[in-house]
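Asker: With the input below, show me the fold.
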Amino acid sequence: MLRCRNYYGAVTLLFSTRPKERREDLYDRDKEIEVIKDSISRGEWIAVLGMRRIGKTSVVNVAVNESGGVKLRIDLLRLYNPAKKQYSKEEFLSLLIQAVNDTIKNYTFLGKATRVISNVLGVDEIEISKVKVKLKRIRGQDVIYILSQLNTLAKDNKKKLVLVFDEAQELSKVAGINFPSLFHDIYDNFTNTVVIFTGSMVRLVEKTLRDVEYNEPFFGRYIRKIELTRFTREQSKDFLLKGFEEEKVKVDESVIEDAVKKFDGIPGWLTLFGSEYSFSVKHGLNVVVEAIVRKAVEEVKNEVKNFLNYSQSPLRYSAIILAIDRLGGKGKLSEIAKVSSALLGEEIPRARAYEMLSRLVDLDFLKKDEEGIYSFHDDIPNRQGVVKAAEEVFKSRLT
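Answerer: Numbers count the residues shown, from 1 in each chain. Predicted coordinates:
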């Protein structure tokens, strides 16, 4: 496989853990990239869905770059706070203005918009430190006006303006902004603008999009949905083999097979494994595969603990997760409610257990099959990370 070089002449690799910008750095996502590019050229809006670490950001980055579009990326994960039920309008606008500012810096021809936008904000420069006090006075019309200026400049330069809302499920928690109305204005009036929604909490994102699609005045507008899936066993193996070939690192086939089994086709975990393993070999360090796995488990554990500790029922949520673990990693609602109640020493009503299980599925900490069986994801980091988080929270809350 050819080694690729970025714009500065540096070698780029499959095992880079940073979000990818070029197709050469991605593995086996050609179909999804082409669908996104074609949708952008047609002016169709898109939702790119998939579990955490599946590669959504990289696929969108590559597709937008190859389309020649102007990317305005709003990373809604920066708003994420499990302790909050809502985000203020000012928090969202601060994120939007920062994204606008970054986009203007990345595309020189957008510089013409700086003065117009500064006038709207009432400041000399579009810097967050200078506009925070102004955000309360910004209205929906001002947001539309700012976006319209970017839309016009992109169109004048024969480029599409692509608004990317990463982790779009967080939009549902923003207070004070009528998103169906906002998206209606963009859809109907900015024919040169395309919106891409991404999200790892697939069920929550789909609910958020339904709330937009089926509410006036946006009702009836179509959003194309693209779901990224795990690599197959064969793809996972091929990915690792090609990555190690690029790194010029020799690896026993047994190591490859073990990694494929442990990480179950999730690109983010396979990339982390390849990166850490290659680094250790190149620098003469002792390669400890289990240490790489523990690093991934710790990452998931911290995410889940963050949710559990700020939830309304940390003990009950933890007991439900531990009940599934006691049941061998999967179980029906009635079984889970019974075991979790025994762990707590108090009854968890079946309706409440169902509600909490549904929430854990929505957050993608658990999965549910067509027969109503709840279970952990199959990869070791997600499975062990969720259980370890529940164990630690359960223990700390009981002492």
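Asker: Now do the closest residue to Asn65 other than its chain neighbours: how many residues are near it, please.
Answerer: In space, and not counting its chain neighbours, Asn65 is closest to Glu21: 5.9 Å by CB to CB, 6 or more residues apart in numbering. Using the backbone N, CA and C atoms, a C-beta is placed for each residue, glycine as well. When neighbours are counted by other CB atoms under 10 Å, Glu21 registers 17.
Asker: Which residue comes closest to Lys250 once chain neighbours are left out?
Answerer: Leaving aside its chain neighbours, Lys250 sits nearest to Phe244 (7.4 Å; criterion: CB to CB, 6+ apart).
Asker: residues contacting the one you found?
Answerer: Lys250, Val251, Gly274, Tyr277, Ser278 (CB atoms under 8 Å, 6 or more residues apart in numbering).
Asker: could you give me the average pLDDT of the helix or strand where it lies?
Answerer: When elements are assigned from DSSP states H and E, Phe244 belongs to helix 233-247. Over the span of helix 233-247, the pLDDT mean works out to 96.
Asker: quick one on the thing from earlier: tell me how far the residue nearest to Lys250 lies from Pro82.
Answerer: Phe244 sits 38 Å away from Pro82, going by CB to CB, to the nearest Å.
Asker: Where does the prediction get shaky in the protein?
Answerer: Along the chain, the model assigns pLDDT under 70 to residues 1-12, 116, 119-137, 139-140, 212-221.
Asker: Okay, domains of it per the record?
Answerer: As assigned by automatic domain parsing, the chain contains the domains 29-227, 233-298, 300-398.
Asker: Between the two ends of the second one, what distance do you get?
Answerer: End-to-end distance for domain 233-298: 24 Å, by CA to CA, to the nearest Å.
Asker: what's the offset of that domain from the middle of its chain?
Answerer: Distance of domain 233-298 from the chain centroid (CA atoms, centre = their mean, to the nearest Å) equals 23 Å.
Asker: Please shift the residue numbers so they start at 609 in all later answers.
Answerer: Noted, 609 is the first residue going forward, which turns the last one into domain 841-906.
Asker: Please name every helix or strand in contact with the longest helix anywhere in the chain.
Answerer: Across the chain, the helix with the greatest residue count (assigned by DSSP state H) is helix 897-918. Helix 897-918 is packed against helix 861-871, helix 875-890, helix 922-934, helix 988-1006, with contacts defined by 3 or more CB pairs under 8 Å, 6 or more residues apart in numbering; DSSP states H and E.
Asker: From Lys639, how far off is Arg924?
Answerer: Distance of Arg924 to Lys639, given as CB to CB: 42 Å.
Asker: go on, Ala707?
Answerer: Distance from Ala707 to Lys639, counting by CB to CB: 28 Å.
Asker: Buried residues in the longest helix of the chain, which are they?
Answerer: The neighbour-count check on helix 897-918 (16 or more other CB atoms under 10 Å) flags 900-902, 904-905, 907-909, 911-913, 915-917 as buried.
Asker: Distance to Glu674 for those residues - can I get that in TSV?
Answerer: Listed next are those as TSV, based on distance: CB to CB, whole Å:
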residue	distance to Glu674
Ile900	32
Val901	35
Arg902	37
Ala904	30
Val905	35
Glu907	30
Val908	32
Lys909	37
Glu911	31
Val912	36
Lys913	39
Phe915	36
Leu916	40
Asn917	42
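Asker: nearest to Leu769, of those residues?
Answerer: Distances from Leu769 to these, taken as CB to CB, are shortest for Glu911 (32.5 Å).
Asker: pretty sure that closest one is touching Lys996, no?
Answerer: No. Using CB atoms under 8 Å, Glu911 is not in contact with Lys996; the gap is 11.4 Å.
Asker: Name the next helix or strand following the helix or strand containing Lys946 along the chain.
Answerer: Using DSSP H and E, Lys946 sits within helix 941-952. Next helix or strand after helix 941-952 toward the C-terminus (DSSP H and E): helix 958-970.
Asker: Alpha carbons only: can I get that following helix in CSV?
Answerer: What follows is helix 958-970, C-alpha atoms only, in CSV (Å, rounded to 0.1, in the frame of the first residue of the first chain):
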residue,chain,number,x,y,z
ARG,A,958,-41.0,-2.7,36.2
ALA,A,959,-42.1,0.5,34.5
ARG,A,960,-39.2,2.4,36.0
ALA,A,961,-36.8,-0.4,35.1
TYR,A,962,-38.1,-0.2,31.5
GLU,A,963,-37.7,3.6,31.5
MET,A,964,-34.1,3.4,32.7
LEU,A,965,-33.1,0.6,30.3
SER,A,966,-34.5,2.6,27.5
ARG,A,967,-32.4,5.6,28.5
LEU,A,968,-29.2,3.4,28.7
VAL,A,969,-30.0,2.1,25.2
ASP,A,970,-30.6,5.7,23.9
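Asker: about what we covered before: Ala707 and Lys639: which is more packed in?
Answerer: With neighbours defined as other CB under 10 Å, Ala707 and Lys639 compare such that Ala707 has more, 19 against 9.
Asker: and the more buried one, what helix or strand is that in?
Answerer: Applying DSSP H and E as the criterion places Ala707 in helix 697-714.
Asker: Pull the distance from that helix to the chain's centre.
Answerer: On CA atoms, centre = their mean, the centre of helix 697-714 falls 19 Å from that of its chain.
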